[in-house]
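Novice: Structure for the following, please:
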Amino acid sequence: MNVGGFASLALLGIAAGCGTEGAFQLKNHLFPMTAKSMVVFEVRGECPPPSGGEFMWTVFSQEESNFSDSIGGFLFAADSAEKLLLLVRQEPRTALEGRRQHLDIGLDRPAAPVSIRPDGLAPELEGLFMTPDSAGQSVILGLFEKYRPDIVFISVDTPDRASMDATVAFWRNAALTKDFRLAVFSAPTPGRRGWCALAWRGLEPGFFPGLSFMGFMKTLRIIAGLPWDPSTASGIPAAAALAKDER
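Specialist: Numbering: from 1, shown residues only. Have a look, this model is predicted:
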């Protein structure tokens, strides 16, 4: 990340520490990001960040045992904001009760759809597997292109390293060719800090330090155009620097 990116983060730190009203006044100026679809990919379990230098990535800066935000909170916020979601998750799953008819697909361990909403979607997925490889992920990409959700959320147990690298490479290439934003992450657990990796058009790859998991969750909300809490300095988002690199 260049000096300008760090300066943007420092400015956001000032906004976060000066109280809610001042921070909201600065928010639109700091994050002039155009509205685009987003794919959020959660890797569950212990796995290192993707290999190679094709992402902007980080290992979260600190362990946080009591999270005031989570991926579940992000999905509920998107649901409340009436974003259309495509959810592909292994059990257990959290039901969303908003007014949009989300596409919600529950997977068994071999990555076969076993719970599908709405019911009319089931014939499209009969006999298909959403495995962590290009064939399985192409099924999800096909649904994304057909139904145009605002946010795709995929959550799978950690595959082997080769499969994970192939899966994130598939979504990175799709993000660049189809022009959406991609965020891959592994949440912290006790004794493990977790990581995130980001990719979209105009985002310069490389390591960036200093982002906590809380900051990452706030960043997701900002990029998705969802409400976020700027009243505390803990977990400063990286969205200022990310918005700067977009074109």
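Novice: for Pro227, phi and psi?
Specialist: phi -60, psi 140 (degrees, to the nearest 10).
Novice: Not counting its neighbours along the chain, what's nearest it?
Specialist: Leaving out its chain neighbours, the residue that sits closest to Pro227 by C-beta to C-beta, 6 or more residues apart in numbering is Ala77, at 6.3 Å. In short, each C-beta sits where N, CA and C put it, glycine included.
Novice: got it, and Arg172?
Specialist: Nearest one to Arg172, counting by C-beta to C-beta, 6+ apart, is Ala199 at 4.5 Å.
Novice: Assess the claim that the one you found and Asp179 are in contact.
Specialist: No - contact criterion C-beta atoms under 8 Å: Ala199 and Asp179 do not qualify, at 11.7 Å.
Novice: the more surrounded of the two?
Specialist: Set Ala199 next to Asp179 and count neighbours by other C-beta atoms under 10 Å: Ala199 wins out with 25 against 11.
Novice: Ramachandran angles for the more buried one?
Specialist: Dihedral angles (degrees, to the nearest 10) for Ala199: phi -160, psi 140.
Novice: Repeat that for Ala183.
Specialist: The phi/psi pair for Ala183 (degrees, to the nearest 10) is phi -130, psi 120.
Novice: Buried ones in stretch 90-105, by neighbour count?
Specialist: For stretch 90-105, a neighbour-count test (16 or more other C-beta atoms under 10 Å) marks 90, 96, 98, 102-105 as buried.
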